[in-house]
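S.K.: Model the structure of this input:
(2 chains)
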2 protein chains.
Amino acid sequence: MGPQVQTSCQVPKAKVAGTARIFSNSLQGQQLACRSPAAARPRAQRRITKSQATETGVEKVTSVDPELAETCINAIRFLAIDAVNKANSGHPGLPMGCAPLAFIMFHECMLYNPKDSSFFNRDRFTLSAGHGSMLQYAMLHFSGFDVTLEDCKNFRQLNSRTPGHPENFLTDGVEITTGPLGQGIANAVGIAAAEAHLAARFNKDGLDPLVDHYTWSILGDGCNMEGISNEAASLAGHWGLGKLIAIYDDNKISIDGHTDLAFTEDVGARFEALGWHVQHVADGNKDYPAIKKAIENAKACTDKPSLIRLETLIGYGSPNKANTHGVHGSPLGGEETGLTRENLGWKYGEFEIPKEVYDVYGDAQTRGKEAQQKWEANLEEYCKKYPEEGKEFKTMISGELPSGWADCLPKFGPEDKGLATRLHSQTMLNALAGVLPGFLGGSADLAPSNMTLMKAYGDFQKGQYQEKNFRFGVREHAMGAICNGMALHNKGLIPYCATFFIFTDYMRASIRMAALSEAGVIFVMTHDSIGLGEDGPTHQPIEHLASLRAMPNILMMRPGDGNETAGAYKVAVENCRGINKTGIPRPTVMAFSRQGMPNMSTTSIEGVEKGAYIVRGGDETPDVILMGTGSELSMAVEAAEKLEAAGKKVRVVSFVCWELFEEQEQSYKDSILPPSVENRVSVEAGSTFGWVKYTGAKGKNIGIDHFGASGPAPALYEWAGITVDAVVKAAS
Amino acid sequence: MGPQVQTSCQVPKAKVAGTARIFSNSLQGQQLACRSPAAARPRAQRRITKSQATETGVEKVTSVDPELAETCINAIRFLAIDAVNKANSGHPGLPMGCAPLAFIMFHECMLYNPKDSSFFNRDRFTLSAGHGSMLQYAMLHFSGFDVTLEDCKNFRQLNSRTPGHPENFLTDGVEITTGPLGQGIANAVGIAAAEAHLAARFNKDGLDPLVDHYTWSILGDGCNMEGISNEAASLAGHWGLGKLIAIYDDNKISIDGHTDLAFTEDVGARFEALGWHVQHVADGNKDYPAIKKAIENAKACTDKPSLIRLETLIGYGSPNKANTHGVHGSPLGGEETGLTRENLGWKYGEFEIPKEVYDVYGDAQTRGKEAQQKWEANLEEYCKKYPEEGKEFKTMISGELPSGWADCLPKFGPEDKGLATRLHSQTMLNALAGVLPGFLGGSADLAPSNMTLMKAYGDFQKGQYQEKNFRFGVREHAMGAICNGMALHNKGLIPYCATFFIFTDYMRASIRMAALSEAGVIFVMTHDSIGLGEDGPTHQPIEHLASLRAMPNILMMRPGDGNETAGAYKVAVENCRGINKTGIPRPTVMAFSRQGMPNMSTTSIEGVEKGAYIVRGGDETPDVILMGTGSELSMAVEAAEKLEAAGKKVRVVSFVCWELFEEQEQSYKDSILPPSVENRVSVEAGSTFGWVKYTGAKGKNIGIDHFGASGPAPALYEWAGITVDAVVKAAS
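M.R.: Numbering: from 1, shown residues only, chains lettered A, B, ... in the order given. Reported below is the predicted structural model:
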């Protein structure tokens, strides 16, 4: 019998029992009913015999000796079992079920260099089901990345390189941080988009392609339930990303129990509707040729992303826990591990890995090294033939910024027309587009409102991947994760993405993942306050500045005119590259106004770089300090004029970025906010939450701590009491 | 020719031009290519003739005189046009395109009482594409809700009842606040689930059903692109909510331009894969019988939710702007309005509505009144036959809480075993389940971790809608919106929903919508700090307490033991009903620990109700005040013991809910935090952002302002410096 790959997507709909009350464990019988035939066998018969090697057809998928191949597969299972047992915490189920897939993928189908995880043209892999991290660590360890057996023994321990979920900033060979479900597949879409873009831009006829790799992802039921994965998959289908191969580990078990409890949709048919090439492998446990054939088919389909729905048995090999949610997220324990050992014929001790296993997986080093050498020679030839493009391409490798790049950012004075900062942002984006070869991005269907189109470029679309304007549709969450994927594909790309500031709520998880995984992404957020007016409270950010200021490793910028917008972009680009006091790359969120505001003579890029600085009244110790951001900075200045007319000495501080100010020396901070001056007023059209840190207990905070309303912006400012007069009164 | 309803879902895939650079306006030609034949006609021929009345087959869908029916339809269009023009802001395109649908839906198919918008058994409607609010206001105004022509003239003005997006707390007849895309359809799923639940619980054979209505929603391209709508639709399909009827206004225009730019999936096929009954109406502009037939079919399909993909022309009737993104979100303007008037043969002036239009739509009052009277008589009979159930049902109408309900909440003392607050939460949920007839809810596939199962009930599933445990799957965003819909279906339901605290990031938009729309939902969030341990930084909340404390009209609770958990639930339930100092219903987010903590003798429900209160050292003015929340409250107490042993007078304040504390009198606040005591230390395993408000500039804040790590919880606390010794040191 040949490999059983179905390209149709008829998933039998599982039924939930009619009247019975269903709890987590009560569906066991029904689970079996809708499993693959192998899984449906009674447990006693599920013992795996020595003849499995031939049963699985392993000899058809690899030149490795069949028994040794089985050993290599079981090595994944037992390293996962042992590590989770030792940590007494973790998820053995997925690695046990996906071990055959991992062997075939990593050993037979993928190209990478374990001894140089930065090899540019490597295949990329994201484990969207990040809780199955031991699968990834096992593959990294066996094939020779810098992940040792000792690391695996320290699984989930503090300061180890094998944390509970894969973290790109900790572990060699991990492309991206995953764990929050659905993020990894959306990252993979971004990685595949980056590949398509760079391939279209740089590859040349007559030379081997500089950029030519696959992007792989393993996702589970949980990923497929999350909305972000549908958003990302819809875009991948739209873009026709043919080199994206996603394997859906369809094991029908989630934390609550059988997926029948909440997830009975036809996933394959959904992906087909999204424009994907969909295949079904009914027995992912033992039909190895079907797995390999499906991957080959996926590679052969070049105009659509591929989904392989692979039915597996979670915790495969465990006589009593396989196919239960008990093996999803808990250690097998000593007794069951012993039974599993016996069942799978695993004759090795705890953390004992036969040398041959390393030999087999270590092949990747030879393949990877050869591929890398060939690629490097090709790059050299490329650079000779195409010196300009070669130079540009090398910045994708190094992440180096062109010297003097920031000179493109214009300066403004009071004589320049006052504009909304979203319009200044457009100017900056277009200026940067001309000097930063890796600059690209777009909006979630708000390009004409966010002002994010780069006029020199067209749209990134199927057949025109070389273009740089991304049309993400109304898919904020996936947009963020896709940009994270692009940012982490290589050091050269600087993706930006845009929506209304309020909709950071829709993409907060992917913004946080950018911060955590040190992805240099610029989040362009316009319509940043009640100043957006008539759209009303559903569209008016209130708590968003505070909520993002509280997030680690990300900058929250709110510039107050053209110069500050230029400064915000300079800082943001530098931070994408880790050019900052921490040395760690970090993303930036920028809040821009819908409404106009005047340009000031005292604002500056240099000021922005300090986070907060004096824009008026810096000469002597003031009677009062006014602090403002964004559209309220000019309000503070107007108030200062009035107060000065009444004889007060007034200082106005622009507080464009709290995080940067916090990083300054205490002496600088004291020079801006002299401790002796306790009369302080902040004004910002957002929540006052947190401002007391700078205004002190005796200071006053003008802002809005309730929801907004629908109406013209000037009326709303009056209504909310955010006015020049209110500032004057508070300061008097 | 009969009505053209296709039940197949073959959507022709539109193509994006091969090499051309595409900007917003460059797709006009192609847009037409994939429109319905009528729309594809050159503009000059699109003039609508007097014979349209017969052309549309209007006489087949209504007993209203055909010309008058057309007038009723055009009245919607022109009221929207005029209101948007007058506001100089808004979205005329959707109301113009969906006017025929609205006439048929609201006049021919829906049941409601404009003179009593609280009629329990009314059909519910959510405008998921909330930007088209003038469509809804027009229907409310014409049919006789408390929305006047003057209100329509004040569209989008401050203090009007016709805000930019529909707001349930402002406008008679608006069920729910919409605008952020995808929320409304997810709310509709919640409303339909509430209907199914109450129908299954209360309806009796031999009596007319007490609960028996449809739930309607209009959603657009944007809604369909958002992940939340796919999550909600997947659940609706799983649950088989047969009385949910969603109309997809497929006008192929979004803000960026033609949907070909970013959205080419087969929406109909996707919904079929999700288990929906899908129909296609190719000409939603003029094929009125097809619209009606599709609705009839949808009603006839009782075991699946229905999607009607209705192709319409955005801005229908406008000779130069129809079918462009220019009419999506901008006023038509005087000139184009004149041309549209001419084109549609509208002979009335600005804001001039013929009396006959009110007469026609006013029919709903008679129908509604009769239905309501009949229903009320039925309810009376029901209450006689089934007094117990009748009494319970009436609490669904009134929202009254049973007297003494809070007595079910247990008290704890130090002798009781210390537990994780998630376990105390389970106790409270189960206690409340026994006394609150409207209490229901569940988790996003984390029931065994969140501890959220009510043991006396089974799972809400197809065929067992009377049950109360909801299995939301890994769909946090939809879960929140579904609970919002359930909460706003009637005054009696109190939905709760649960996930890990970190994943408030996935559902932040729906949490905010609960707060804004005054939906009494309880958000049960466990694993609330680095104390969750090994799962690592992707799962460890840091900034989440601060970010939710900054959100308006919502309580952020972090109880420190059993008594405080009881208090948190008491407050949360009361706030669902508006029993608080504001009188406005508000949701509550509760943060519960994974790890255990001791019970204290001095914690209390009464203390929790104040937001912050003294748990130790209240007798005299202290030398130092320690403040803690949740799992760090006992840490503060331990530190106090050490400090007292060293001779200090120490006060410990439990700061369980900042928002409640802010609402207390100044005298109470000063009694807890005497201004003279400036030595203050806060301890909380989260961001210190905001704490300076209570500790003052001279105080100290112990917390964690960077991302967490993977490791056992005790090691993480040491690593982060959140220890008893650190508190002692800071206080010394």
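S.K.: Break down the stretch 151-300 of chain A into its strands, ranges please.
M.R.: Using DSSP state E, counting those that start in this stretch, the strands of the stretch 151-300 of chain A run over A:215-219, A:244-250, A:253-254, A:257-258, A:277-281.
S.K.: Of those, which is nearest chain B?
M.R.: strand A:253-254 (5.0 Å; CB to the nearest CB). Heads up, the C-betas are built off the backbone N, CA and C, glycines and all.
S.K.: if we look at that closest one, which residues are touching it?
M.R.: With contact meaning CB atoms under 8 Å, 6 or more residues apart in numbering or on different chains, strand A:253-254 is reached by A:31, A:93, A:220-222, A:225, A:259, A:261-263, A:314, A:323-325, A:327-328, B:445, B:473-474.
S.K.: Can you flag which of those belong to helices?
M.R.: Counting by DSSP state H, these place A:Q31, A:G93, A:D221, A:G222, A:M225 in helices.
S.K.: Now do the same for the first one: its pLDDT.
M.R.: At A:Q31 the predicted local confidence, pLDDT, stands at 29.
S.K.: Which parts of the stretch 601-732 of chain A are helices?
M.R.: For the stretch 601-732 of chain A, applying DSSP state H, counting those that start in this stretch gives helices covering A:605-610, A:633-645, A:658-662, A:666-672, A:692-695, A:713-720, A:724-731.
S.K.: I'd like the ones you listed written out as JSON lines, with mean neighbour count added.
M.R.: As requested, the helices of the stretch 601-732 of chain A are exported to JSON lines (neighbours: other CB atoms under 10 Å in any protein chain shown):
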{"stretch": "helix A:605-610", "mean neighbour count": "19"}
{"stretch": "helix A:633-645", "mean neighbour count": "22"}
{"stretch": "helix A:658-662", "mean neighbour count": "20"}
{"stretch": "helix A:666-672", "mean neighbour count": "13"}
{"stretch": "helix A:692-695", "mean neighbour count": "20"}
{"stretch": "helix A:713-720", "mean neighbour count": "18"}
{"stretch": "helix A:724-731", "mean neighbour count": "20"}
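S.K.: Mean pLDDT added to the ones you listed, as a markdown table?
M.R.: As requested, these are exported to a markdown table (pLDDT from 0 to 100):
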| stretch | mean pLDDT |
| --- | --- |
| helix A:605-610 | 98 |
| helix A:633-645 | 98 |
| helix A:658-662 | 98 |
| helix A:666-672 | 98 |
| helix A:692-695 | 98 |
| helix A:713-720 | 98 |
| helix A:724-731 | 98 |
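S.K.: would CSV of those with distance to A:G485 be doable?
M.R.: Below are the helices of the stretch 601-732 of chain A laid out as CSV (distance: least, CB to CB, whole Å):
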stretch, distance to A:G485
helix A:605-610, 29
helix A:633-645, 35
helix A:658-662, 25
helix A:666-672, 37
helix A:692-695, 35
helix A:713-720, 37
helix A:724-731, 44
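S.K.: Tell me which of these sits nearest to A:A546.
M.R.: helix A:658-662 (9.7 Å; CB to CB).
S.K.: interface residues of the stretch 101-250 of chain A facing chain B?
M.R.: A:130-131, A:156-160, A:163-165, A:167, A:177-182, A:221-223, A:225-231, A:234-235, A:237-238 (CB under 8 Å from any CB of the partner chain).
S.K.: Which of these are buried, as a ChimeraX select command?
M.R.: Selecting only the buried entries of these in ChimeraX, with 16 or more other CB atoms under 10 Å in any protein chain shown as the criterion:
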select /A:130,131,156,157,158,160,163,164,165,167,177,178,179,180,181,182,221,222,223,225,226,227,228,229,230,231,234,235,237,238
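S.K.: Which members of the residues of the stretch 101-250 of chain A next to chain B are positioned in helices?
M.R.: Using DSSP H, the members of those that fall in helices are A:221-223, A:225, A:227-231, A:234-235, A:237-238.
S.K.: just those now: which is nearest B:L101?
M.R.: With CB to CB as the yardstick, the closest approach to B:L101 among these comes from A:S234, at 25.1 Å.
S.K.: what residues are up against that closest one?
M.R.: A:S234 neighbours (CB under 8 Å, 6+ apart): A:L274, A:G275, A:G473, A:R475, B:M225, B:F263, B:E265.
S.K.: Can you give me the pLDDT of it?
M.R.: A:S234 carries a pLDDT value of 98.
S.K.: from chain A, which residue is nearest to chain B?
M.R.: A:G227 (2.1 Å).
S.K.: Now do the contacts for that residue.
M.R.: A:G227 neighbours (CB under 8 Å, 6+ apart): A:G182, A:H477, B:E226, B:G227, B:I228, B:S229, B:N230, B:E231, B:R475, B:H477, B:A478.
S.K.: Also A:R651?
M.R.: Contacts of A:R651 (CB under 8 Å, 6+ apart): A:I614, A:R616, A:G617, A:G618, A:P622, A:V624, A:I625, A:L626, A:A640, A:V677.
S.K.: so what's A:E609 closest to, chain neighbours aside?
M.R.: A:V571 (6.0 Å; CB to CB, 6 or more residues apart in numbering or on different chains).
S.K.: Can you report how many residues neighbour the one you found?
M.R.: Residues lying near A:V571 (other CB atoms under 10 Å in any protein chain shown) number 25.
S.K.: Is it in contact with A:G607, as I believe?
M.R.: No - with contact defined as CB atoms under 8 Å, A:V571 does not reach A:G607; the gap is 10.9 Å.
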